[in-house]
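>>> build me a model from this:
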Amino acid sequence: QVQLVESGGGLVQAGGSLRLSCAASGRTFSRYFMGWFRQPPGKEREFVAAINWSGSTTSHTDSVKGRFTISRDNTKNTVYLQMNSLKPEDTAVYYCAASQGVSTAQAMGGRGYVYWGRGTQVTVSS
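Residues are numbered from 1 along each chain as shown. Below is the predicted model:
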């Protein structure tokens, strides 16, 4: 198993930037696909981005492409989400998640994530 703790959320003006971090426990972090999801107010949780074990493969949902970048540092057991050019519609609780035992295609599509953090709030003011 892996335990996940997100940090880095906060209040930012539109056009600003934030970097979210997700620290993972356990010695097998590098075996997991890692993903970021978000849940806007009053809406369902949605996939944002994913990264494979080595960082060589990533995917980002269309609404964040060119603005958000997922990355990971396996030496620090941490995955990041760099968020630039933030918009009010990016306001949400952001969750880190881990996936194992699924195909790369499934993980890059936001499926098969079984371990979840508690989330960090991101609020973008207009």
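
>>> use CA for all of it now, contacts and neighbours both
OK.

>>> and residue 12, how many neighbours?
Number of residues near residue 12 (other C-alpha atoms under 10 Å) recorded here: 18.

>>> contact partners for the residue nearest to it when sequence neighbours are not counted?
Leaving out its chain neighbours, the residue that sits closest to residue 12 by C-alpha to C-alpha, 6 or more residues apart in numbering is residue 124, at 5.0 Å. Counting by C-alpha atoms under 8 Å, 6 or more residues apart in numbering, residue 124 touches 11-14, 86-91.

>>> for residue 124, give its distance to residue 18.
10 Å (C-alpha to C-alpha, to the nearest Å).

>>> common neighbours of these two, please.
In contact with both residue 124 and residue 18: residue 12, using C-alpha under 8 Å, 6+ apart.

>>> re the thing from before, save the contacts of residue 124 as TSV, and put in distance to residue 41 and secondary structure too.
As requested, the contacts of residue 124 are exported to TSV (distance: C-alpha to C-alpha, whole Å; DSSP: H, G, I helix; E, B strand; the rest coil):
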residue	distance to residue 41	secondary structure
11	15	strand
12	17	strand
13	18	strand
14	17	coil
86	16	coil
87	14	coil
88	12	helix
89	10	helix
90	10	helix
91	8	coil
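
>>> bridging residues for residue 73?
With DSSP bridges as the criterion, residue 73 is bridged to residue 78.
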